[in-house]
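Q: what's the 3D shape of this:
(one chain, ligands or ions: 1)
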Amino acid sequence: MRKQASVLHLDLDAFFASVEQRDKPSLRGKPVVVGGVGGRGVVATASYEARRYGVRSAMSTREARSRCPHAAFLTGRFHAYREASDVVMRLLREVSPLVEPLSLDEAFVDLERAGLPDLEVATVTAYAADLRERVAVATGGLTASIGLGTSKFIAKVASDLEKPDALVVVPPGTERDLLRPMSVSVIPGVGPVTAERLRRAGIQTVADLEAVDLAELLRLVGQAQGTGLHALARAHDDRPVVAEREAKSVSSEGTYETDLTDRRLMEGLLTRQAGEVAARLRKHGLSGRTVTIKVRLHDFTTLNRSTTLPEPTDSTATVARLARALLTDLDTSGGVRLLGVGVSGLADWIQDDLFGESSDTDGADGAPEEDEVLGVDAVEAGVKARRSVYAPGQDVEHDEMGRGWVWGSGRGVVTVRFETAGTPPGPVRSYALDEPALRPWRPAEPTENDMPAADPPA
Ligand SMILES: [Mg+2]
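A: So this is what the prediction gives:
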């Protein structure tokens with residue numbers, strides 16, 4: 001814990017849904033749910049308008065539809081989220097060389113390295129307020145919530161206190177007063193199982209937890225977690241902000257002498273690579289949310305396709321299934337000379353730092369988790385069946401009407417709303433699915449791969 005509130009935590013508000021509202025003017029101020037839209041889909045992000053109806057992340061889409069039937073249910077557009085995230089992370093890195101991204105929409109920034117004249121509360125507050133405005137301008141209007149505190153723990157708690165569009169500073173010395181009335185679940189690493197174990201012992205708030213001595217706590221929750229809980233209940237947290245964390249990924253790839261053309265063989269190779277990657281994740285006690293495949297075609301074009309899960313995984317079955325699914329929409333008929341699988345977005349910020357335990361979110365290897373459905377099935381990733389070319393929310397382009405997005409499709413008809421971030425709410429038109437003037441719109445393909453090298457994490 002530092003003497004000054006120099007750790008900043010920035011969290012974009014309802015990120016995926018906010019990007020959709022930015023790019024689809026007719027949805028601004030309306031309930032929007034981004035996630036899997038199929039029968040087994042889950043909600044990745046709900047806009048604040050949808051949350052008012054009780055829609056939450058990780059809820060089944062079916063449940064979300066029953067709670068808020070008039071919401072717009074959209075599949076994710078991962079390229080747009082990645083692009084917005086890149087803009088924000090670049091901006092943060094201009095602020096300080098020490099930026100630690102936690103996910104696409106969240107990062108810690110170390111203000112000790114920001115070159116400020118001092119780190120008094122007034123100074124860091126003014127700086128953070130300015131940063132929020134810069135984020136909004138740079139992203140075309142996305143809002144962020146910022147927390148400032150003397151540690152990562154406190155900064156993260158602070159950014160969540162008054163979401164959305166908030167700035168909360170926890171002045172040095174007030175941390176324990178802030179935490180005491182809160183539920184123990186505010187402490188990172190305290191999931192439902194630990195919370196229930198503590199509750200049975202009569203411990204519900206951080207104040208209750210603070211009153212328990214270390215020996216008792218170790219007995220209650222075990223060695224690994226007990227030590228961390230004892231410290232965090234007292235707001236003791238010395239974990240440094242670590243840059244380059246985003247680059248942490250685990251991957252495996254292979255180059256082939258003769259171009260591969262057999263899909264079954266390619267799927268087999270991806271499955272084996274997924275097994276290697278998942279084994280390394282487990283060995284290092286890590287798990288990740290984003291599964292990427294890298295495919296180099298016969299003409300040396302390199303394609304990366306990613307998809308992001310609502311929860312981190314270290315399961316061979318899950319990584320393999322997603323890797324194979326990502327392959328389905330790529331045209332590999334000309335032959336493939338390189339295949340790779342990677343997992344990034346590693347772990348939750350807490351898992352590898354404090355408790356040193358491997359993820360328990362996904363269980364061990366074994367039976368495929370049939371219920372686990374993509375939170376964001378990036379349309380371009382082709383995770384969905386190939387014939388559903390027009391998924392709700394997807395970007396399209398029409399020869400005369402220009403850019404728009406798929407409002408819905410079915411019975412041979414696709415309905416499009418023609419609007420973009422820079423236009424007013426636009427008109428709606430319907431077309432036959434095979435309308436030649438209409439096609440999916442995609443951003444330009446990045447030519448070289450951006451999958452980090454196959455280094456195991458330190
Ligand atoms: Mg967020």
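
Q: Can you report phi and psi for Val33?
A: phi -120, psi 120 (degrees, to the nearest 10).

Q: ok, what's across the strand from it?
A: Counting by DSSP bridges, Val33 forms beta bridges with Ala46, Phe73.

Q: Contacts only, for it.
A: For Val33, the contact set (Cβ atoms under 8 Å, 6 or more residues apart in numbering) comprises 17, 43, 45-47, 50, 55, 61, 64, 68, 71-74. Yep, even glycine has a C-beta here, placed from its N, CA and C like the rest.

Q: Would you reformat these as JSON lines and include neighbour count, pLDDT and distance to the ion?
A: Formatted as JSON lines, those follow (neighbours: other Cβ atoms under 10 Å; pLDDT from 0 to 100; distance: Cβ to the ion, whole Å):
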{"residue": "Ala17", "neighbour count": "28", "pLDDT": "97", "distance to the ion": "10"}
{"residue": "Val43", "neighbour count": "26", "pLDDT": "88", "distance to the ion": "14"}
{"residue": "Thr45", "neighbour count": "28", "pLDDT": "92", "distance to the ion": "8"}
{"residue": "Ala46", "neighbour count": "27", "pLDDT": "95", "distance to the ion": "12"}
{"residue": "Ser47", "neighbour count": "27", "pLDDT": "97", "distance to the ion": "12"}
{"residue": "Ala50", "neighbour count": "26", "pLDDT": "98", "distance to the ion": "15"}
{"residue": "Val55", "neighbour count": "26", "pLDDT": "96", "distance to the ion": "15"}
{"residue": "Thr61", "neighbour count": "21", "pLDDT": "90", "distance to the ion": "20"}
{"residue": "Ala64", "neighbour count": "25", "pLDDT": "96", "distance to the ion": "18"}
{"residue": "Cys68", "neighbour count": "22", "pLDDT": "97", "distance to the ion": "20"}
{"residue": "Ala71", "neighbour count": "22", "pLDDT": "97", "distance to the ion": "19"}
{"residue": "Ala72", "neighbour count": "24", "pLDDT": "97", "distance to the ion": "19"}
{"residue": "Phe73", "neighbour count": "22", "pLDDT": "95", "distance to the ion": "20"}
{"residue": "Leu74", "neighbour count": "26", "pLDDT": "94", "distance to the ion": "17"}
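
Q: Wait, Leu270 touches Arg324, no?
A: Yes. Using Cβ atoms under 8 Å, Leu270 is in contact with Arg324, at 5.7 Å.

Q: and the two? which has more neighbours close in?
A: Leu270 (26 against 18; other Cβ atoms under 10 Å).

Q: host element of the closest residue to the more buried one other than its chain neighbours?
A: Of all residues not flanking Leu270 in the chain, Ala323 sits nearest, at 4.4 Å (Cβ to Cβ, 6 or more residues apart in numbering). Using DSSP states H and E, Ala323 falls within helix 316-327.

Q: for that helix, packing partners?
A: helix 263-283, strand 288-297, strand 302-313, strand 336-346 (3 or more Cβ pairs under 8 Å, 6 or more residues apart in numbering; DSSP states H and E).
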